[in-house]
Every structure is written in C-alpha cells, then in structure tokens.
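Participant: What would the 3D arrangement of this be:
(3 chains)
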Amino acid sequence: MLVGALVALAGCGSSSNTTSSTTSTTSSSGKTVDIYSSLPLTGASTAQTIPLVDGIKLALSQAKDKAGPFTVNYTSLNDATAAAGEWDPTQTGADARKAAADPKSVYYIGEFNSGASEISIPILNDAGIPQVSPANTYVGLTTDLPGSAPGEPGKYYPTGKRTYLRIVPIDSIQAAADLIAMKQAGCTRVAVANDKEAYGAGLAKLLELEKGYYGVDIVSNTGIDPKAPNFRSYAATIKGEGADCFEFSGIVSNGGVQITKDVNAALPKAKIFGPDGMCTSTWTDAKDGGVPASIDPLIECTVATQNLSAYPGGKAFLAAYKAKYGVANPDPYAIYGYESMELGLNTIASLGANGDNKADILKALFAIKDRHSVLGTYGFDANGDTTLKSYGLYKVSGGLPVFLKTITPTKTVS
Amino acid sequence: MSTEVTRPDEQADQIGKLIARARSLNVQLGQRLHAIEKRLPRWWRRALTAAVIVGGTVLPLFFSQTSGFLAATLIALAYVVMALGLNVVVGFAGLLDLGYVAFYAIGAYCMAWFGSDFFFKEHIHVLVSGIAAQEIGIHLNFVLILIAAAIICSAMGMLIGLPTLRLRGDYIAIVTLAFGEIITVLAVNGTSIGLGGGQTLTNGAQGISALDEPYFPGLGSFNLLKLRPYYWLIYVIVLLVLFVNLRLRDSRLGRAWIALREDEVAAVSMGIPLVRTKLKAYSIGAAFGGISGVFLGAYYTDVNSDYFQFTFSIFVLAMIIVGGLGSIWGAVVGALLLSYINYYLIPDVINSIPHDFGLNFNLTTLSYGIFGFLLVLVMVLRPQGLVPERRRRLELTGAIAADDSQLVEGQE
Amino acid sequence: MAAVAERPLALLRRYLGRWGLWVALAALPIYFGIHDLTHGYQAGFAHGHEVIRHDLSNLGFNLVEGLSNGAIWALIAIGYTLVYGIIELINFAHGDVFMIGSLTATGLWGTLGLGLATGPVGLIAGLLLTLIVCMAVCGSLNVLIERVGYRPLRNAPKLAPLITAVGFSFILQNVGLLWIGGNPIGVNDLIRENDTVFHISGVIVHRADVLALAVMIPLVIALTWFLNNTRPGKAMRATAQDPEAARLMGINVNSTISLTFMIGGMLAGAAGLVYALYETNVWYFQGFEAGLIAFTAAVMGGIGNVRGAVLGGLLIGCIQEMSDSRLGPQWTEAVVFGYLILVMVLRPRGLLGEETREAG
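Facilitator: Next comes the predicted model:
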C-alpha cells in the first residue's frame, strides 16, 4: 500500500520537476535553446565550482541571455549528492540523461572531475550533444597518449564521432610546465605526492614520464590518503629521501593545505609546487583556510589562464566580474566557467538560424581555429583539445595567486 | 502504544511530552488503518501484491526512456536487492554486519573485471556483441557475470563471517566493519597491487570505465539512453530475490536463523548447527549484495573506488531498520523510501523549492541535514520501523491476546 | 577438580591466547627496531649520496608521534566506551560532537582575538577559557542528543537508536559544512606546535606531543578518580552493570545516563581543542574519520573499560605512525583494521576485558 502511494507521489513529483528546473521566462516570439552545466555543487569542491558557475552566469548576463536569435535557458545541475559529498555516478548519469531527454538542449558544460566525465561522455555522445569541459585535464578522455589506459579514448565515444571538447590544455602539457618551473627554480630532487584520483594520479604519472625531458629528478611519487589528519610521517620520509622540492598533484580539498604545512615543517626551505587543482586562494590564503603566510613565498603553481590584463577581452572580463560579484581577483575557475559559456554562446550566435542544431554546433566547434578569448587565442584540434599549449606560472602575493609568466613547453609525451 | 511503565524517576519533561504526543498520533493512525484493514476482504493482500507487481512491470511505459524518475527508480530497486541481502544477515540471523559495502565492491569489480577492457592482455569473449565482442579484455555475458559475482561474494561472505563466529553482538559489528574497510582500502590501492605483466587489481580512484552494456541473445544490447530495459532487468532481479527471500524465511533455514537471533543458547541446544547456519546467512546475504553490485556497475558503466565508503554500509543498514528489521517488505519499503529521498526528493524536488519561490538560496548545502533529520524523525516516531516484522510488532504493541494464526508467516 | 593433563595442542592454544596477542602487538616495533639497527634507514641526502643512520631514533620518533596522536583518539574513545558501557549503544554521533568541539575552539579563537601575535599569558588564559567553553558546549550537545534521540528509544529494538545516531551524525556534519565549508581549513598554529621541547637520545619531542599528553593524562586521572570515589561516578558504574538493580537502589537512572553523556561530550570537546592545536587543521568530515578510529580503539581495549579505551587509543596511534612511515600511508587504514581483527580473534573480549552488563 505504502509502495503504491510512494509511486504515485513520486510520479507527481516528476512532472512538476521537469518544469520547475527550467523556469526562465521564454519570450513568446523568440525560440529558445537549453544549455546545461553539470558540476559538483555539494561538498568540498564548491570552493571552485561556485566561482565557475558565477563565471558562467556572468557570460550569460553580458549576452542578456541571448545567442543570436535564440533565447538561452541555462540550468545548473549538481552531479554530487549529500551522501557522497562529491560527484556521484547516479547524479552524473541522471544529469547527462536529463540533457539528452531535452530536445532543445544544445550545449553541455561539464564535468568538473575527470572521473565523472568518463560517465557522462558516452551518454552525451549517444545523444549527440556538444559537451565542453571547463576543467578536465586527464589525457585519456581525448587521446591515447602515454598516461592513458588501454582502450582510451575510443571507449568513451560509442558512436565513433567526437562530441567532447575541453578548453584547458591536457595534463601532458601541465606536467611539462611544472617540470620547467621546477628546473628554473633550481630543484634537484623532487618528491611528488598525489591524491590518487584520476586527475592527481594521472598528472603525477605524467610528471614521472616526462621528467627525463627536462632533467628533473623525481625521487618518489606517493599516493596519500586525503582523509588523513596529518602527513608528518610522509614529510619525514621525503626528508629522509633528501628532497629539496615538493609537488602535490591533486586538488586542494584532498588534504592539500595540511600536506603543504607538514612538508614545510619538515623541510622549511623546500619549494612547493601545485597544478591548477591547487592554484586557488583556498590553498594560498590563510584567511581562506589556506597555508600560513610564511609558506607563501615558497609556492608556485600552474593554471591555464594567462595575464588577463594583457588582453582587451581580459580587462573587460575583470571589470565586469568585479562589478557583478565585487571580487577583484577572480578564481581561475571563474575564468574557465566564463569562457566555457562564452564559447557556446558565440558558436550558437555564429550559426544564425541554425543555432539550435546540435550537429552544426559540433561542426562549428571543431572548426574553430583562432578564437580570441579571456584564455588567449586558440582553436580545437581533431581530438577536441585546445590548441593552447601554454600554462601560466603563478606566485603568491598578498595570499592570492598572481600571474608571473607564461610557460610553453616544447617537449611532451607523444 | 509503548510498553513503558512510568517509573518514578522519569519525570515527563517537555521533550518527552512532545514525543509522546507525536507517537500517540502515530498510534491512532495505525489503529485507523487497522480498522480499515479489518473491513477489507480476505484476499486484499494478494490483490495488492498482484497490483504492485503488475504496476511495477508497466511503470516504465509511463515515463520516457531517459526520465529522471525512472533512473531514480531503478537505482532504488538495486538498493532493494542490497537491503534484502543485508536483511538476511542482520534481520533474519541477527548478525550486525557493518561491512556490507565490501560485497557491493566485489560485485561491481566482478562486472569491471569480466566486462571491460581492464584485463588488456586477454581476449576472452563469451556471448557478447557489438563493441564488446571486438575489444581487448575479458567480456562475459551479463548473466554469467551475475553468477560469477554471486559465487565469489558467497565465498567472501563466508570468509568474512568466520572470525565473527565466536563473537557476541556488537563485536560482530566492528569486525565486519573492519573487513569492509580493508576491502575498500584494497579497492583504492589496487593500482599498486600488481597481478603480473603490468596488470593491476583495480584502477583505484581513477576508475575502470566504459563497461559493457548488458546483452541478451535475441533481445539485443542495452543502450545508455534507453532506461526501460535496465529497469526491467533490475525488476526481474528484484522479483527473483524477493521470491528466494520469501522461501528462505519460511524454510527451515529461515527459522533456524530467527531462532539463533532470538536466543542463541536455546537454539544450539535444540540442535541447530551454529557455525553452518551463521555462515549460510553471511554467504547468502553477500551473494545478493554482489548481484546488485554487478547491476550497478553495469548501469554506471564505471567502477571507481570512491563509490565504496563506509557510509554506504550505514545507508543500507538505515534502510532495513527504518523499514522494519527482519521484515522482507520492510526492507523493500525502507530501501525505496531512502533511495528516493537521497536520489530524487532531495536533489530534484527539494532543491527546486527555493527556485520556485524566487529565492537564490541553494538548498543542496542542507541535504545532509535534511536526510539526517528525516532519519531521526522516522526512528523516534516509529522505532519498530515502517513495516515491522510480525513478531516484533506483536512484541512492541503488547498484543497479549495474539492468537497463533497471526504468527503464521503466510499471512504477511 | 583434578587437574587433567592437557594435550599439546590445547596447551599451545592456551599460551597463544594469553601471550600470543602481546607477541603479535610487539612484533612490528621489534622487527622495525632490529631492521633500523642492522640495515639502517635513510635520514637524508648529502653530497650526492644517501645518509644512512643506524639507531633507534626513527622508531622513537614513530612512537612519540604515535603516543601523542593516540592521546587524542583515547579522549574520544573514552566517550564511546562510557556510553556503550551504560546503554549498549554505539554512538555514531560522538565523533561529530568532537568535530563540533574543534570548530567551536577555532571559532572562539577568532572571537577572543587569539592569534599568532598573542603573548604567552594571554594565550594560556585564552586557551584555558576555550577548553572550558568547548567542554561545556560538547557536553551539553551530547546530553541534548541523548534526550532527543536515544531516551525515547530505550525500549525500542536495539538497532533503532543506532539509526538516530547516524541521523544526528549527518545533522552535525551539515552544521560543520555550513560553518566552515567543505574543504579542510588551516588554522593558526597558536602554540607553535613544531617547536622542540626536549630531546631524548636523538628523538625530538615537539610541543604538540607534550600538549596532547598533558591534556589527556590529567583528564583520565580525574575521570578515574570521579568514577571510583564520587557518588555520581559510582552510580554510573552501577548503572552500567545492572540498570534495574541500580534503579532499585534508588539511583536515578535517567540522570546518570545523562551525566555519562555529558562527561563523554566534555572529553570529546577537550579532544577537539587539542586536535585543532595539534593538526592546525579542521574539517567538517574529521569527526567521522576520528570516530571510526576511536570506536575501533574502544573495542580493541575492551568496550566499557576506560583504561582499555586509553590503551586502545595509544596503541592505534602507534600502529598508524609505524605503518605510515614504514609501509606507506595508503595502507595504514588496512593495517589498523587488520590489527583489530587480530585482537578480536585472539582475545574476543578486548585487550583489558570488557565492562558491560553482560560481562559483569
């Protein structure tokens, strides 16, 4: 009896649900297209995904919710659940299916975690929806370069055609950039720790694969338990190994702050490096729960964004972001989010009346050669990877990462 | 309707009064329902069961192939299988198992090992089609993987149960918890466990992805955008598992479990083989968990060690306790309810409420608290669970004049 | 009864049961100690090659860290063991009460203006005040949870309060999530925890280590005195042994249970403050993890037994440190639980024996 009642209740719920999440008013004369984003909006990653969504919304509001002749309906979906505290496969699949079920959906911004994309890419590929990730850097999603698993990337594209692109350069480039930074900082023996997830472990593996190209000696690559309360034993071990530099390959929420503090306590002079998953104020700013200010001078990190003030578009973005959110130095992920939406809006607008055709959007996206954006000028290759091959090196000033210089690695795995 | 005799040292304070009020309302509701029940014809239970079965079968036809509700329902059904499995161990046999996530993990990894390109040096294909038939790796038919997982999990269940045989009550909890954690650690660190030739045990937190879709000769291969076949698959599995459970409960083994649970010393002196009975409970419960794990692995098309946390064991335990410990239908109701709340109500329905009111507030930050609050609410108001086991209901409601016909399980 | 000659196998089993456990526990440190002395361990890297040392200071470092880490677990484990002893409930929310304690502590530092620049007198006064406030807050929180979630279920099936405990755990985690967000947050290193206090033959003892033990030892002594020498303490022990008999003796069982929860909560609050000072890091999820370890410690030592909880906590701390530094931190959790299973198999009642109503 209860079961039947439940089913009926839930049935009622579903019909109201599909309309409640897309409540943007549509003008009676214009046509609409739906854009979705799927990001972990619950749990530890919110420190990065909330600025990401802010960036998306900024792009949308600047375009006044329009792309060409179409009105854009944007829905921000959450691929995390309370019970998991991070991205959840059920939610990720459900989000992708929601977009797939919607005949007006034309563009999907997601995922944030490389592991989650492994689930949504095949679904969206089946549905033919263009998918752009603002943050995935794991190489196996688009290429079969060393660092990917056997069978990748083909197994993510059941239709055989590519529907996934990303606006950030893949980890083979980021690893090389980190190695160059280490070399220039004078590191001789580097200890690497990773958080064992797809992103962190993948990047760490690439660091090991590419170290020979840049003459950096990586003495150890250890997977740590992100939930451990402290890492003093690990710090003592790498002190024993004679490390003079340390890189944490992972994201901040996986113990990044604590391991940095413990390593600094054991090796007070060691330089500390981090990839873009670390390069945010939650790592560098003590007021934001990051490391104490005394460690800041030792930190360098790489992000795919360059010096924004050097680009006209960049300056405009900074001004608009400050006006809307009151933040002068936006998190790099806000920039990624902004560009991922801008890309979609511009592409749809460029197609005129065909802007609601998914296949045309895909073709247009893959045909992009020289797009001027807040990330620089770039295009996409046949794999869906950006032609940008540079990372920005950031140092810490006033607790926040600030741009130092651009690094463009010449040699990466192939 | 509690058997609490008011003792002199229990002053009724505000909180106590509140809870007593709420419970009396609950009891009144129960009495009303009971009164209605008395007026129904005798075959109402059978009719309801038939209606539910038929309703469940045709349910997907009312929803689109990519409906979010359908997706939530089939996940809920997978959890029903899990709950039924844990119910055998905790509910029937009274062995508090806090490491159930281990069997979910083993089942899911069976799907990953035998249905993907993970074992990249092998080329084994048994009754598969499409991409799966040409890929490297081991690719067995879905049903074969189900059977393999059931066997492996049964064995593991017995292994895990062995050290607990001499322990009492809550110590079983901690040891099973320990085993559950060890298995999850092995899952996470499987990237460092080499099996020779570059092959590792698992892919840890990076996940084994793009698993084969289920394929049935004659019916074709499943597709991720068409959820109805997935639904019917898990629905058939649920019906089979329910059938097995009902037969078990009314069998000698089932009664042996209940006897052990109620009074171990008396049961043993009546000749019930202690070790064998307990091990059978562990292995059967584990097998169900493994089967559900295989299905979930295939549905997610990805097996990532992040999925296997201690929280999962607690989640399934909460399902059977909220539903009514020891009761089969209680396990079903509890699983459906908690799954819906976690995967559908909170993410989709509750989160859209502020939006409907025009607020910009994000209710996802309260999801944990809402879920916890609902758990507390249900347990405090109805501690015996939503659909309590017949035996328990009689105990707790103090129905002294229960006649033997009520104890005959067939009535449920 | 006449002594029966025991068969060799039974004799072996008896000795194994009595001594086997202690041998198993001591095996690892002894093995590592010998390994360090003979093969040496790498203590650094200079002039192009490794520096190998042959002494016990690495092992000593592991043990010191283990004892101080373990002291925190011991404080939390006592809460678990007291509650279990008296109402046979695994209080899953206890770890999260500890987490709230940590968050209260760090929040109070901000309010009191305790920072890196505060002088020693102000610091000590401030920290003592924080300790009192944390203990009060966590004690009251624990009592509240008992009143709302466990007392109404006193006559319910045994597993029902387990689920309310889980529910409260989720609620408290959400409070933590709203309070400081989802990421682990670094907090000020108020006591400069890494400063050396003294050396013992090459082993450095930091301020953090001294702090943890300096807080735990007096509290445990005070608690033991309380349990043995005061009326409410004896009432707690009596209720743990047999609530019905205690009631017949005129003991107010409800208040005694509330008192137990309050004491457990207070110790968790103290542990929370120590944790914040020791790790200089707080996280909304820390209670869940710590709770698991503390519960394991309580069981390992013998549930219901306060000394057992302390022993279990210290032991697990040492196991964790040795595993972290020798086997690798990714295996530590498995090693700890492996040890637990070993103890449970060889000594089902826990290391020091249990003290619950079924045992007594």
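Participant: Tabulate the CA atom coordinates of stretch B:256-271 in PDB.
Facilitator: Taking C-alpha atoms only, stretch B:256-271 is exported to PDB below (Å, rounded to 0.1, in the frame of the first residue of the first chain):
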ATOM      1  CA  ALA B 256      16.900 -21.500  12.300                       C
ATOM      2  CA  TRP B 257      18.200 -18.000  11.700                       C
ATOM      3  CA  ILE B 258      15.300 -16.500  13.700                       C
ATOM      4  CA  ALA B 259      15.900 -19.000  16.500                       C
ATOM      5  CA  LEU B 260      19.600 -18.100  16.600                       C
ATOM      6  CA  ARG B 261      18.700 -14.500  16.600                       C
ATOM      7  CA  GLU B 262      16.300 -14.700  19.500                       C
ATOM      8  CA  ASP B 263      18.200 -17.000  21.800                       C
ATOM      9  CA  GLU B 264      21.400 -18.500  20.600                       C
ATOM     10  CA  VAL B 265      21.900 -20.800  23.600                       C
ATOM     11  CA  ALA B 266      18.400 -22.300  23.300                       C
ATOM     12  CA  ALA B 267      18.800 -22.700  19.600                       C
ATOM     13  CA  VAL B 268      22.000 -24.500  19.800                       C
ATOM     14  CA  SER B 269      20.700 -26.800  22.500                       C
ATOM     15  CA  MET B 270      17.800 -27.600  20.200                       C
ATOM     16  CA  GLY B 271      20.300 -28.900  17.700                       C
END
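Participant: okay, now C:Ile34: neighbour count?
Facilitator: By the measure other Cβ atoms under 10 Å in any protein chain shown, the count of residues near C:Ile34 is 12. No exception for glycine: its C-beta is placed from N, CA and C like everyone else's.
Participant: And it, how close does it get to C:Leu59?
Facilitator: Separation of C:Ile34 from C:Leu59 (Cβ to Cβ, to the nearest Å): 10 Å.
Participant: Next up, the contacts around residue 341.
Facilitator: Just going to use chain A. Contacts for A:Met341 (Cβ atoms under 8 Å, 6 or more residues apart in numbering or on different chains) come out as A:35, A:55-56, A:59-60, A:74, A:109.
Participant: not quite, I wanted chain C
Facilitator: Per Cβ under 8 Å, 6+ apart, neighbours of C:Ile341: B:163, B:175, B:178-179.
Participant: now swap in B:Ala83 and tell me
Facilitator: Counting by Cβ under 8 Å, 6+ apart, B:Ala83 touches B:316, B:319-320, B:323, B:331-332, B:334-335.
Participant: Find me the pLDDT at the closest residue in space to B:Ile208 that isn't next to it in sequence, would you?
Facilitator: Leaving aside its chain neighbours, B:Ile208 sits nearest to B:Ala112 (4.1 Å; criterion: Cβ to Cβ, 6 or more residues apart in numbering or on different chains). Listed pLDDT for B:Ala112 reads 94.
Participant: quick one: low-confidence parts of chain B?
Facilitator: Within chain B, the ranges that satisfy pLDDT under 70 run B:1-12, B:349-364, B:391-412.
Participant: what residues does the stretch 51-200 of chain B put near chain C?
Facilitator: B:90, B:96, B:163, B:166-168, B:170-171, B:173-175, B:177-179, B:181-182, B:185-186, B:188-189, B:192 (Cβ under 8 Å from any Cβ of the partner chain).
Participant: So which of these reach chain A?
Facilitator: Contacts with chain A within those, counted by Cβ under 8 Å from any Cβ: B:188-189, B:192.
Participant: Mind checking what helix or strand follows the one helix or strand B:Ser154 maps to in sequence?
Facilitator: In this assignment (DSSP states H and E), B:Ser154 forms part of helix B:142-161. As assigned by DSSP H and E, the chain's next helix or strand after helix B:142-161 is helix B:169-188.
Participant: Close to chain C: what parts of the stretch 201-350 of chain A are there?
Facilitator: Proximity of the stretch 201-350 of chain A to chain C, by Cβ under 8 Å from any Cβ, involves residues A:222-225, A:227-234, A:236-237, A:239-243, A:252-253, A:255, A:257-258, A:261, A:265, A:282, A:286, A:289-292.
Participant: Now, those that are in strands?
Facilitator: Mapping those onto strands (DSSP state E) picks out A:222-223.
Participant: in the chain, which spans are helices?
Facilitator: No chain was given, so I picked chain A. For chain A, the helices defined by DSSP state H occupy A:2-20, A:46-62, A:89-101, A:114-127, A:171-185, A:198-214, A:232-240, A:256-266, A:281-284, A:312-325, A:332-350, A:358-366.
Participant: ah, I was thinking of chain C
Facilitator: Secondary structure of chain C (DSSP H): helices at C:8-15, C:21-38, C:57-87, C:94-112, C:120-145, C:160-180, C:207-229, C:231-241, C:243-248, C:253-279, C:286-301, C:306-322, C:332-346.
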